[in-house]
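*Asks:* Fold the following, please.
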Amino acid sequence: MKGMIFTEFMEMVEATWSQDMVDTLIARSQVPSGGAYTSVGTYPHEEIIALVAALSQETGVAAPSLIRTFGRHLFSRFALGYPRFLQGMTCTLQFLAGIENVIHAEVRKLYPDAELPTFEVEQAPGSLTLTYFSDHPFADLAHGLIEGCIAHFGENIEVLREAIADLPGAQARFTLTRKD
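*Replies:* Prediction:
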């Protein structure tokens, strides 16, 4: 997993709680890296899971909720750091419809070793269905990123999430419906 995810997570924890909380998470989780992350490095995804679990234990907030909150935060940071990805985009459904062919294609150019999930995209007027495939258990992060995207565009969109057990490699299906 790219180090940028780790550095953004630590920044969110520091801004929301404190630098002391960051230190506590590193000590409690005993991650092999010792919490020394760089944005361009690559680290095992298990480390972010351990850090989130430690944050959950420290705060009493359920891990899925923390991960979704991080996803919302992460989208806002992506929007600031990579505004070109949003150029010409007028709404959530347009942006997310291009997640595979536009956004992930560009991310792969920047970070060829990035381990990205894949999305199967189905469009209909006023709605979009995204089926999330990944080897890593980050459907909650995807959910938060989707919510962050909706907030970025300031739209009224309902997100229905369903777990998928019968489709190999799939973890979740998100159906987005415009509520204008």
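
*Asks:* Just confirm Gly88 is within a strand.
*Replies:* No. Checked against DSSP: H, G, I helix; E, B strand; the rest coil, Gly88 lies outside a strand; its state is coil.

*Asks:* Based on its surroundings, how many neighbours for it?
*Replies:* Gly88 is flanked by 8 other residues according to other C-beta atoms under 10 Å. In short, each C-beta sits where N, CA and C put it, glycine included.

*Asks:* in the helix or strand bottoming out on mean pLDDT in the chain, what counts as buried?
*Replies:* Averaged element by element with mean pLDDT, DSSP states H and E, the chain has its least confident helix or strand at helix 105-110 (a mean of 82). Neighbour-count burial for helix 105-110 flags Val107 (criterion: 16 or more other C-beta atoms under 10 Å).

*Asks:* what's the following helix or strand after it?
*Replies:* strand 118-124 (DSSP states H and E).

*Asks:* CA atoms only for that following strand, dumped as CSV, please.
*Replies:* The C-alpha coordinates for strand 118-124 follow below in CSV (Å, rounded to 0.1, in the frame of the first residue of the first chain):
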residue,chain,number,x,y,z
THR,A,118,-10.9,-2.5,-9.4
PHE,A,119,-14.5,-1.4,-10.0
GLU,A,120,-17.1,-2.7,-12.3
VAL,A,121,-19.2,0.2,-13.3
GLU,A,122,-22.8,0.2,-14.5
GLN,A,123,-24.5,3.4,-15.4
ALA,A,124,-28.2,4.3,-15.7
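
*Asks:* Give the buried residues for whatever helix or strand comes next after that strand.
*Replies:* On the C-terminal side of strand 118-124, the closest following helix or strand by DSSP H and E is strand 127-133. Buried residues in strand 127-133, defined by neighbour count with 16+ other C-beta under 10 Å: Leu128, Thr129, Leu130, Thr131, Tyr132.

*Asks:* Fine, thanks again, bye for now.
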